[in-house]
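Undergrad: From the sequence below, what's the structure:
(chains A and B)
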Amino acid sequence: MTDTVRVRFAPSPTGYLHLGGARTALFNWLFARKHGGVFILRIEDTDTQRSSEEMVQGILDGMHWLGLDPDEGPFFQSAFVDQHRAAARRLVEEGKAYYDFTPKEHADDRTVKARIVDRGRAQGGAAREPNPFRDLPLEEALTRIDAGEAAAIRLKVPEQGVSRFDDLVFGLQERDHSDIEDLVLIRSDGHPLYNLSVVVDDIEMRISHVIRGQDHLTNTHKQVLIYEALGAPVPQFAHLPLIMAPGKEKLSKRTHGEVVSVTTYRDRGFLHDALINYLALLGWSPGSDKEVMSRNELIEKFSLDGINKSSAIFNFDEHDPSNWTDRKALWMNAEYLRAMPLTELVPLVAEQLKTFHLWHEEYESNKRDWLARTIDLLRARYRTTQDFATLGRPYFSDEFEYEADAVKKNLKDHRLKDLLPGLADRLELVENFTHDAAESALRVYSEEQGVKAGLLINAARTALTGQSVGPGMFDIIVTLGRQRTVARLRSAAALVA
RNA sequence: GCCGCUAUGGUGUAAGUGGUUAACACGCCGCCCUCUCAAGGCGGAGACUACGGGUUCGAGUCCCGUUAGCGGUACCA
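TA: Residues are numbered from 1 along each chain as shown, chains lettered A, B, ... in the order given. Now for the predicted structure:
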């Protein structure tokens, strides 16, 4: 007996790692770290039809990116099926389970669900159906098995009484035995089923706390029954409220696509700590006002007591590119983008520049400092590292678009047709091409020409970046350098109406 | 159908064992800063705490009911 905390994340590789799974993994991980425990990863790959090697890798990649590497594992549930079968056989021998020779019916998900409702309606809701094989003498059953007859193994659920457990989040849970059917442990083809497998594995791995999604809450009673039948200590349970899509719909890969996949966040320029921070706040609160928390602060503050009981809505708008995911997640990422050490940010932005083919070798040699300064200049306005390669394109390439709105707004004054090249001439002659020198050159020039400096400044910004928004104009000039500045000012004159 | 869970502004959450004008963050609006946009600072709008009954001097907080959403009810996980 040991009171070491041992928790596990047990995804089935039937899809990539989604946000709900990531949050479950995170809470397990935080709980383990908080209590000096062990975080185990167990891939539940017994559904060979729907599982794939690729998905396993996807989950592993996602967890690694999030920094949630397991202390033990990954283990694969498929490796333990013999133990699952042995456990079921033992229960049969002890009279706690029985062979059911009822032939298996094949049906797809839809018809199965329809049948459940029909059956419930017909029986007035009782889950129990009398099973003729429940009390078949073991010897008789064994002879039929020996004769090659197929049989499923069902748990003998007591007819009287209630099952109860104290959930660390939802409190005391009770369920009448009469509402629990004799669940199948092993299929007639010998395949162990979920409820049996998890319990056997959790016992084997000495799991102390089962932290998982609320979708397992009612079925936990079945698992408690299995623990008891097996004579094993029952772990503590903590069920997490579900994450829903806008409109309180179920959040799913099928209907919501890539917004729910962790890899999307990685690819679109999220910082893993920002996503972790955001996810931690979905359904959990430290009880204080502080929301931006480092990993260590999260560990320090984390407690199962702070977990909310109601499901949280994860907001996003698939039709609005700038709000492709939850606003608060985006804000959180921007917050991290601004606050993180520049030396850590640069390599991340570099990756994005590479995938957008905006990378130059000099960024690693003589333009190294320039790259860092430019990233620093832009970071306060961007929300993801990908923004540097998209919104920031004019800073890294001469091939960029002039935004129609920006041109319309800032290049509409016909005088600019001459002023822009005129400014270029002046800047070409400035001795030290610095922020201040460029500024005074521009101000002198605008005074001579009798126009407001603001007209030239805003026009120049659009001429230089194709945009109407961005850093201070003289910072842009210095960033682009004399050559590009002069060239762009001249060529943009053609855009003036 | 039956069983269970949940219900605080648009969203995420706070409001020790019931006790003054329901707090914070995101988002939104305005002002300041300013060459624009962000960032930052300041301020504002937005919740009769799903609805209806109780208990109580007093309820977001306790009880009952209703409704809604979600989960489960499979020889799926």
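Undergrad: beta partners for A:Ser261?
TA: Beta-bridge pairing of A:Ser261, defined through DSSP bridges, involves A:His18.
Undergrad: was I right about it contacting A:Lys253?
TA: Yes - with contacts defined as Cβ atoms under 8 Å, A:Ser261 counts as touching A:Lys253 at a distance of 7.2 Å. Glycine gets a C-beta too; all of them are placed from N, C-alpha and C.
Undergrad: Helix or strand next in line after the least confident helix or strand in chain A by mean pLDDT, which one?
TA: Least confident helix or strand of chain A, by mean pLDDT, DSSP states H and E, is helix A:109-123 with a mean of 80. Tracing the chain past helix A:109-123, the next element assigned as helix or strand by DSSP states H and E is helix A:138-146.
Undergrad: Please list all residues in contact with A:Tyr445.
TA: The neighbours of A:Tyr445, taking Cβ atoms under 8 Å, 6 or more residues apart in numbering as the test, are A:422-423, A:426, A:456.
Undergrad: from the residues you listed, which would you call buried?
TA: In terms of neighbour count (16 or more other Cβ atoms under 10 Å), the buried residues within the contacts of A:Tyr445 are A:422-423, A:426, A:456.
Undergrad: Who are the contact partners of A:Val451?
TA: A:415, A:419 are the contacts of A:Val451 under Cβ under 8 Å, 6+ apart.
Undergrad: okay, it: pLDDT?
TA: In this prediction, A:Val451 carries a pLDDT score of 92.
Undergrad: neighbours of A:Ser365, just the number please.
TA: Neighbour count of A:Ser365, defined by other Cβ atoms under 10 Å: 8.
Undergrad: could the contacts of A:Tyr445 go into JSON lines alongside distance to A:His64 and pLDDT?
TA: Formatted as JSON lines, the entries for the contacts of A:Tyr445 read as follows, by distance: Cβ to Cβ, whole Å; pLDDT from 0 to 100:
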{"residue": "A:Gly422", "distance to A:His64": "56", "pLDDT": "94"}
{"residue": "A:Leu423", "distance to A:His64": "51", "pLDDT": "95"}
{"residue": "A:Arg426", "distance to A:His64": "54", "pLDDT": "94"}
{"residue": "A:Leu456", "distance to A:His64": "51", "pLDDT": "95"}
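Undergrad: returning to that earlier point: greatest separation within the buried ones among the contacts of A:Tyr445: which pair is it?
TA: Using Cβ to Cβ, these reach their maximum pairwise distance at A:Arg426 and A:Leu456, which is 10.4 Å.
Undergrad: any shared contact partners between these two?
TA: When contacts are counted by Cβ under 8 Å, 6+ apart, A:Arg426 and A:Leu456 have A:442, A:445 as shared neighbours.
Undergrad: just the helices in the stretch 51-200 of chain A please.
TA: Using DSSP state H, counting those that start in this stretch, the helices of the stretch 51-200 of chain A run over residues A:53-66, A:81-93, A:109-123, A:138-146, A:194-204.
Undergrad: Who are the packing partners of the helix or strand in which A:Trp29 is found?
TA: Taking DSSP H and E as the criterion, A:Trp29 maps to helix A:19-34. Identification of packing neighbours for helix A:19-34 by 3 or more Cβ pairs under 8 Å, 6 or more residues apart in numbering; DSSP states H and E yields strand A:6-9, strand A:38-43, helix A:53-66, strand A:209-213, strand A:236-240, strand A:243-245, helix A:272-280, helix A:295-301.
Undergrad: quick one, which of the ones you listed is nearest to RNA strand B?
TA: strand A:243-245 (6.4 Å; Cβ to the nearest atom of the strand).
Undergrad: Can you list the helices and strands that that closest one packs against?
TA: Where contact means 3+ Cβ pairs under 8 Å, 6+ apart, strand A:243-245 is packed against helix A:19-34, strand A:312-313.
Undergrad: From what I see, A:Phe31 and A:Ser208 are in contact.
TA: No - with contact defined as Cβ under 8 Å, A:Phe31 and A:Ser208 do not form a contacting pair (9.8 Å).
Undergrad: Determine the residues that are contacts of both of those two.
TA: With contacts taken as Cβ under 8 Å, 6+ apart, A:Phe31 and A:Ser208 have A:5, A:7, A:37 as neighbours in common.
Undergrad: Can you report how many residues lie near the last one?
TA: Other residues within reach of A:Gly37, judged by other Cβ under 10 Å, total 19.
Undergrad: now the first one
TA: Neighbourhood size, A:Val5 [other Cβ under 10 Å]: 18.
Undergrad: list the contacts for it?
TA: Contacts were defined as Cβ under 8 Å, 6+ apart; by that measure A:Val5 touches A:31-32, A:35-38, A:208-209.
Undergrad: where in chain A is pLDDT low?
TA: Across chain A, the ranges flagged by pLDDT under 70 are A:1-2, A:125-128.
Undergrad: if you set the cut-off to 50 instead, what comes out?
TA: By pLDDT under 50, the low-scoring segments of chain A are A:1.
Undergrad: center of it - which residue?
TA: Centrality entry for chain A: nearest residue to the mean C-alpha point is A:Leu19, 3.1 Å, by Cα atoms, centre = their mean.
Undergrad: Setting aside sequence neighbours, what's the nearest residue to that residue?
TA: A:Val260 (5.4 Å; Cβ to Cβ, 6 or more residues apart in numbering).
Undergrad: my guess is the one you found contacts A:Leu251, does it?
TA: Yes - proximity of A:Val260 to A:Leu251 meets the contact threshold set by Cβ under 8 Å, at 5.8 Å.
Undergrad: Thanks a lot, catch you later.
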